[in-house]
Structure formats: structure tokens, C-alpha cells
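Chemist: Predicted model, plus sequence, below.
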Amino acid sequence: MIQEWVRQLPTESTQQAVGYPSLFLLVALGSLVPVIPTGALVSSAAVVALHRMSPFALLVEFGVASGAAFLGDLCLYWLGQRGVRSTNGSKWLQAITRRAAPDRLAQARHKLEEHGTAVLVLSRLVPAGRIPVMLACLLGRMPLRRFAQGDVPACLAWAATYQLIGILGGSLFPEPWQGVVAAVLLALLISGTPALWRRLRTCFAH
């Protein structure tokens, strides 16, 4: 089924007209509502571009993914700022807070004090690291402009990392569908392992 789906992928011109806007929308939405596996999306798109032997498509995909991630981060941070300034808070700030474990938040605040906005790059690359650092920035009343300056290299590094995962997965297999499956599984494994480990550690602790 997956093999047939990948073989029926649209032509390159159709991909440019439909695929890139869809990728931008999904990555931006995944950054704003952190439940969509955006890394897996970027990796699978890189596999398709690789098998079409299109370096230009890889470059465009990199720009689309990093730009969408940046826009999503900025919107989420702006909404979080409104919650911090509001006396009643906001659902966005509450959602961010619920997704940040207390120990991860304390660690993020400590690293933010030591390294400043440079820690944003690492937070984007470490699974489940983005939200605690973003919350630490919000609680520290970091201005939106300063957050944006640190988030630019973070989003570029994130897009490049997951694109490389896709290129690696695509280069190991002769068929595009095999590379897509490998890239998606690898991206999900990288992003999901820390959360699974924390749950197991909590279960064993009790």
C-alpha cells in the first residue's frame, strides 16, 4: 500500500504547486500545536526529492521547512507572551506549561541563564527540548525580537538535521517508499525516545 502510494506521487511541477504549501502549512501548524510529527514530514519530503534527483527541490524544501518552523515558533511565543502579560493567563500558555516537565523547565532556565539565546538551537535539536526552553524564555520575559533572533539559527539547524535524516534514509534504499518508511521511523524514534524513557523511569520510580 505504501509502495503504491509513493509510486503515484505527483509530478515535480504538481509537487511544487501543492506539496510545498502543504509542507509549510503542516510544519507551521506542528510548531504551533506540537502534536504533529514535523520532523518526520521534513524527512519524508527529503526522500521524495532525493529520488527525483532534484537538488533544487531539496533546497526549496529546506527553505520551506525552516521558514514554517520559524513562523510557528514566533506565533506560539507571541501567544504565550499574551498569556504571561494577562492576569487570567491564556489557554496557549497553559498548553505550553502542561507540556514542560518541571525538571526540564528548571534545567532549561538554568541553561538559558548561562548561554542566552544560543540554547534555542540546542532546544530545537534535542527531542522534547523546544517547549521547556520556550517557556523559560516566556517566564524570563524575553522580548519577542530577541527570541526571534535566537530562533532563526535554531530552525535552520532543525530543518537541516531532519532533511539529512531523510537523505540518509533515501540513499540506503532503491525504492522511494522504502526510504520514506525508514526516514519516518527514524525521525519518530529520535523524537519519541526521550518521552518514552521519562515515562518508563516514572513507572519504575513508583
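Modeler: Received, thanks.

Chemist: All the helices of the chain, residue numbers only.
Modeler: Counting by DSSP state H, the segments of the chain that form helices are 2-7, 12-14, 20-32, 38-51, 55-85, 91-98, 102-115, 119-125, 130-139, 144-172, 176-205.

Chemist: Switch those helices over to CSV; also include mean neighbour count and mean pLDDT.
Modeler: The way it works is simple: take the backbone N, C-alpha and C, and place the C-beta from them, glycine included. Putting the helices of the chain into CSV (neighbours: other C-beta atoms under 10 Å; pLDDT from 0 to 100) gives the following:
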stretch, mean neighbour count, mean pLDDT
helix 2-7, 12, 48
helix 12-14, 11, 49
helix 20-32, 19, 91
helix 38-51, 26, 84
helix 55-85, 19, 90
helix 91-98, 16, 73
helix 102-115, 15, 82
helix 119-125, 21, 88
helix 130-139, 23, 89
helix 144-172, 19, 90
helix 176-205, 15, 57
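
Chemist: ok, now which ones touch residue 132?
Modeler: Applying C-beta atoms under 8 Å, 6 or more residues apart in numbering to residue 132 gives the contacts 100-101, 104-105, 107-108, 123.

Chemist: which residues sit against stretch 19-26?
Modeler: By C-beta under 8 Å, 6+ apart, stretch 19-26 touches 10, 36, 38, 41-42, 45, 60-61, 64-65, 67-68.

Chemist: Please repeat the previous calculation with a cut-off of 7 Å.
Modeler: Stretch 19-26 has contacts (C-beta atoms under 7 Å, 6 or more residues apart in numbering) with 36, 41, 45, 60-61, 64-65, 67-68.

Chemist: and the gap between residue 123 and residue 22?
Modeler: Between residue 123 and residue 22 the computed distance is 26 Å (C-beta to C-beta, to the nearest Å).

Chemist: Tell me which two in the contacts of residue 132 are the farthest apart.
Modeler: Farthest apart among these by C-beta to C-beta are 101 and 123. That separation is 13.8 Å.

Chemist: so residue 61 sits right up against residue 45, yeah?
Modeler: Yes: assessed by C-beta atoms under 7 Å, residue 61 is found in contact with residue 45 at 5.2 Å.

Chemist: how many other residues sit next to the closest residue to residue 150 other than its chain neighbours?
Modeler: Nearest non-adjacent residue to residue 150, counting by C-beta to C-beta, 6 or more residues apart in numbering: residue 117, 2.7 Å away. Residue 117: 19 surrounding residues under other C-beta atoms under 10 Å.

Chemist: surely residue 117 meets residue 149?
Modeler: Yes: contact criterion C-beta under 7 Å: residue 117 and residue 149 qualify, at 6.4 Å.

Chemist: sorry, back to before: format the contacts of stretch 19-26 as TSV; extra columns: distance to residue 162.
Modeler: Below are the contacts of stretch 19-26 laid out as TSV (distance: C-beta to C-beta, whole Å):
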residue	distance to residue 162
36	13
41	8
45	9
60	15
61	10
64	12
65	7
67	14
68	12
